[in-house]
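S.K.: Predicted model, plus sequence, below.
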Amino acid sequence: MEGAPKRHCWECLRRCLVCDSTRPVCRRCSQSGTECPGYGEKPRRLKWLAPGRVTSHRRRPKRPTETEAAVAENEGTSQDLALSRFKMRTNACAIFEAAEYFNACIHPELLPMLGLGPNPEVYPISSALIQRADSVPDHLTLSIVCMTLSHRIHRIRSDADRRDLAKKLYRHRGDVLHSLNKDVGSENGMKSDILFASIISFLLAEIQSGPSPAWRCHLNGVRDLTRLRGGLHAISERKGMTPLIHCYVLATVLGDTTSPSSDLAMATWRPDEAKSVLDLFSVDTNPCRTLPSPLFVEIIKINCLRARVGKLNPVDRDDLTEEGYGILARITQFCRQGWVASKPTSSTADWLVLCEIHECAVALYCILSLQSVSVLPRTTDLKNFARTCATRLWQLLPQALASSMTRLSVLWPLVVLGVEAAESVQGMAMQAFVRAALLGMSHYVGSYAPRAAAAVLQRYWASGKRRWDECFDQPHLFLAQTAVDVSGISIV
């Protein structure tokens with residue numbers, strides 16, 4: 001009988017060698033120092049090796065010659081330049097598109113505000129301003145691009161279009177941060193008015209686009225820049241900086257009203273800085289500001305009082321109570337007619353409505369926020385006065401919201417009314433009004449801020465809690481302002 005056919009061992013088969021078929025292991029494997037896997041089941045491909053032992057080495061790359069290295073370097077440089085030129089062209093297109101959108105969709109909606117009187121902050125983006133964009137850093141021009149993209153996102157209905165715009169927004173946002181980091185790291189950049197303007201513009205764009213926990217960081221950055229450059233008085237004397245100073249202080253002060261008393265930005269201000277703010281805002285230097293300066297100063301004093309509470313013993317709070325009553329008395333004694341007399345007579349009725357709205361809102365904020373930190377007591381008289389202010393606000397706000405001249409000026413009063421609506425007699429109806437007004441404002445302003453305010457208030461209404469600091473248990477900033485006048489700043 002003929003013998004069975006010879007078989008190759010698995011190792012010889014793998015290496016395509018002629019096996020001598022010796023059993024139990026072939027001689028070829030033994031002579032080469034390889035462990036023969038035999039002829040049975042096919043072994044696994046992975047094989048454990050002793051520590052430190054390798055079976056193969058990578059081939060070392062050849063070192064390029066000097067000529068090859070020079071060619072590679074030139075190619076890399078040319079690619080970098082090409083990418084840079086492409087990015088410049090892309091940014092230039094984005095800036096031009098943003099200017100077109102602003103002039104076509106945003107500026108026309110701001111024009112009715114001129115009915116209240118001359119407003120230097122309402123102007124179109126002219127071709128001269130677009131040409132000037134070539135000489136300013138990306139962080140300023142692209143902040144304006146981010147603002148227009150955010151406006152479009154909150155206006156359009158299509159989810160697909162909104163997603164595409166959001167991608168552009170986050171790409172430009174990254175470019176702004178990259179450009180800001182470069183200038184913040186340079187000595188010349190820190191002295192530039194443009195850097196100050198860019199941080200303010202980017203802050204507004206961040207609040208407008210969505211929930212941004214970084215807004216306080218931007219404000220702290222502006223505060224540090226202000227200190228490096230000699231303080232608010234020194235900066236306010238520079239050409240074109242007044243609107244930026246006003247925006248910075250407004251954001252800080254109103255942001256503190258909707259933050260817990262234990263975490264206020266003004267708590268980090270030095271005494272001289274607080275005095276500078278009070279001096280700058282004690283007189284109406286901005287004819288288009290709808291929040292009267294005397295009332296704004298009282299908001300600052302309320303915030304300072306809230307910040308001081310945590311540093312005092314309960315025994316020392318009697319003085320604060322007297323101070324709180326003094327603030328409330330000055331608010332109620334504010335002369336609306338005297339303040340409105342300085343405004344254009346053609347719009348006196350609108351100014352009176354705005355003035356009374358803010359007077360009621362500031363009085364309500366004073367009572368609710370100071371009761372929350374036990375500076376003012378929870379008496380029946382104060383409770384009735386708060387309800388009277390809330391009812392009057394509820395009556396006046398629909399008038400302001402119905403007018404394109406005044407509807408952008410009442411976001412903060414709406415938020416204050418929303419807090420009182422939690423325990424008002426007309427609670428459900430008042431809450432429904434505040435929510436609808438805020439969501440409507442989010443659409444026509446083109447900003448996330450009113451929608452964010454509605455979400456915070458709804459959470460507060462459902463919680464069953466009834467203290468100001470329980471509504472705003474973390475810092476929030478709600479501004480309807482989406483841009484600031486940067487046309488007058490020096491580009492040097």
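M.R.: Nice, thanks for sending it over.

S.K.: Show me what the mean pLDDT comes to for stretch 368-378.
M.R.: Per-residue pLDDT over stretch 368-378 has a mean of 95.

S.K.: For it, measure first residue to last.
M.R.: Terminal residues of stretch 368-378 are spaced 9 Å apart (Cα to Cα, to the nearest Å).

S.K.: List of residues touching it?
M.R.: The contact list for stretch 368-378, computed with Cβ atoms under 8 Å, 6 or more residues apart in numbering, reads 257, 261, 302, 305-306, 309, 314, 317, 320-321, 323-325, 328, 366-367, 382, 386, 416, 419-420, 467-470. Every residue, glycine included, has its C-beta placed from N, CA and C.

S.K.: If we use 7 Å, what do you get?
M.R.: If you take Cβ atoms under 7 Å, 6 or more residues apart in numbering as the criterion, stretch 368-378 is touched by 261, 302, 305-306, 309, 317, 320-321, 324, 367, 382, 386, 419-420, 467-469.

S.K.: got it, and stretch 472-485?
M.R.: Under the contact criterion Cβ under 7 Å, 6+ apart, stretch 472-485 has outside partners 120-121, 147, 151, 200-201, 204, 207-208, 215-216, 243-244, 247, 251, 254-255, 258-260, 263, 408, 411-412, 415, 441, 445-447, 449-450, 452-453, 456.

S.K.: Residue 138: what's it in contact with?
M.R.: So residue 138 contacts 91, 175-176, 179 (Cβ under 7 Å, 6+ apart).

S.K.: Export those as a markdown table, with columns for pLDDT, neighbour count and secondary structure.
M.R.: Listed next are the contacts of residue 138 as a markdown table, based on pLDDT from 0 to 100; neighbours: other Cβ atoms under 10 Å; DSSP: H, G, I helix; E, B strand; the rest coil:
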| residue | pLDDT | neighbour count | secondary structure |
| --- | --- | --- | --- |
| 91 | 75 | 17 | helix |
| 175 | 91 | 21 | helix |
| 176 | 91 | 24 | helix |
| 179 | 89 | 20 | helix |
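
S.K.: From the contacts of stretch 472-485, list the buried ones, please.
M.R.: Buried subset of the contacts of stretch 472-485 (neighbour count, 16 or more other Cβ atoms under 10 Å): 121, 147, 151, 200-201, 204, 207-208, 215-216, 243-244, 247, 251, 254-255, 258-260, 263, 408, 411-412, 415, 441, 445-447, 449-450, 452-453, 456.

S.K.: Among those, which ones are in helices?
M.R.: Judged by DSSP state H, helices contain the following of the buried ones among the contacts of stretch 472-485: 147, 151, 200-201, 204, 207-208, 215-216, 243-244, 247, 251, 254-255, 411-412, 415, 441, 445, 449-450, 452-453, 456.

S.K.: Name the nearest of the contacts of residue 138 relative to residue 14.
M.R.: Of all those, residue 14 sits closest to residue 175, with 55.0 Å by Cβ to Cβ.

S.K.: I'd assumed residue 142 was in contact with the closest one.
M.R.: Yes: the criterion here is Cβ atoms under 7 Å, and residue 175 meets it with residue 142 at 5.4 Å.

S.K.: tell me, what residue is most central in the chain?
M.R.: With distances taken as Cα atoms, centre = their mean, residue 206 lies nearest the centre of the chain, 2.8 Å away.
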